[in-house]
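In: Turn this into a model:
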Amino acid sequence: MKALENCRLCPRRCGVNRLNGERGFCGAGREVRIARAALHFWEEPCISGSSGSGTVFFSNCTMKCVYCQNYEVSTNNLGYAVTEEELAEIFLDLQRQGANNINLVTPTHYVPQIIAALLIAGANGMVLPVVYNTGGYELPETIEMLCGYVDIYMPDFKYYDNKTAARYSKAPDYLEHTAAALDSMYHQVGTPELDQNGIMRRGMIIRHLMLPGRLSDTVHIINYIHKHFGDKVYFSLMNQYTPVRHIEGIERLNGRLDVRAYRAAVDLCRRLGMERVFVQDGEAASESFIPEFTGTKEHL
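Out: Just a heads-up that it's a prediction; the model follows:
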């Protein structure tokens, strides 16, 4: 856990000594905190399938986007502490429940502990692919630490405009870090591999959640992915933006996504000839799509 002595796991490079109780931007200390671990059926079809994705939601976050649907977990530290041994047992229990994979949600600030838990779980029979489900704000050095442990990368590509990233996520250098991280992820896992049931075993899915009034960002992101990756990755274009109570009064974020903007983005993907694209039907998601977090072990 030496990396926690001078923590530089994410682009913020806070440099705090988490082993001595210091906390940086993300709010995480030495202990791993999780808010929920359960089968999840609302990921992309090649991730959830019919059996579900074994999803572990980690507390705290390196981004803390103002519109975060999991605000209580990412910002308010909802959750409970687990040891590496307990985390490994959670992975194994999800495997016993029939999960298609182990899906690590907002894991960046716990990478050293997660690696330790994966080693323990592997030694005790875990064979599932591991999904690294991240906001995309990563360092290549941290991605390199995960080589051999992660099979599927599922990063967000939230912003192309760094001014928007600064306003909504306090990340004025988001684009350059995310672009470098995506290259590192693709270099590790390569083009998608699916099993006979259409479940992903290896590869990358780049996600983009469209925000109200930010169609230009979406257009830039689609063009970037098409130019840099073509159909060597999956692209998931999401319309499920949901206004939540804590963003009242924040510019442009109080309303729902305009369905016309989403259709325009889908049409752009079609015109570019992109084939590995996931799109969503209907209008933006309701709050019922947000997982329930109690922050207690009894919720497992």
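In: I'd like to know which helix or strand in the protein has the lowest mean pLDDT.
Out: Ranked by mean pLDDT, DSSP states H and E, the weakest helix or strand in the chain is helix 71-74, scoring a mean of 77.
In: partner strands of the next helix or strand after that one, parallel or antiparallel?
Out: Moving toward the C-terminus from helix 71-74, the next helix or strand (DSSP states H and E) is strand 80-82. Within its sheet, strand 80-82 is paired with strand 32-40 (antiparallel), according to DSSP bridges.
In: Run through the stretch 201-300 of the chain and note the low-pLDDT ranges.
Out: Within the stretch 201-300 of the chain, the segments meeting pLDDT under 70 span 245-251, 282-300.
In: in it, which spans are strands?
Out: All strands of the stretch 201-300 of the chain, identified by DSSP state E, counting those that start in this stretch, fall at 234-238, 277-278.
In: Who are the packing partners of the least confident helix or strand of the chain?
Out: On a contact count with 3 or more Cβ pairs under 8 Å, 6 or more residues apart in numbering; DSSP states H and E, helix 71-74 meets strand 32-40. All C-beta atoms are positioned from the backbone trio N, CA, C, and that covers glycine.
In: Beyond the strand it packs on, next helix or strand please.
Out: helix 45-48.
In: How far does that next one sit from its chain's centre?
Out: For helix 45-48, the separation from the chain centroid amounts to 15 Å (computed by Cα atoms, centre = their mean, to the nearest Å).
In: swap in stretch 53-73?
Out: A distance of 9 Å separates the centroid of the chain from that of stretch 53-73, by Cα atoms, centre = their mean.
In: Same question for stretch 262-274.
Out: 23 Å.
In: before we move on, what about stretch 179-188?
Out: Centroid displacement of stretch 179-188 relative to its chain, using Cα atoms, centre = their mean, is 15 Å.
In: same check, this time on stretch 163-176
Out: 17 Å.
In: How about residues contacting that stretch?
Out: 11, 25, 63-67, 135-137, 158-162, 177, 211, 214, 217, 251, 253 (Cβ atoms under 8 Å, 6 or more residues apart in numbering).
In: switch the cut-off to 6 Å
Out: 63, 65-66, 137, 159, 162 (Cβ atoms under 6 Å, 6 or more residues apart in numbering).
In: And for stretch 271-285?
Out: For stretch 271-285, the surrounding residues in contact (Cβ under 6 Å, 6+ apart) are 44, 226, 231, 234-237, 239-242, 256-257, 266, 269.
In: Using neighbour counts, trim these to the buried set.
Out: Neighbour counting over the contacts of stretch 271-285 (16 or more other Cβ atoms under 10 Å) leaves 44, 226, 234-237, 239-242, 257, 266, 269 as the buried ones.
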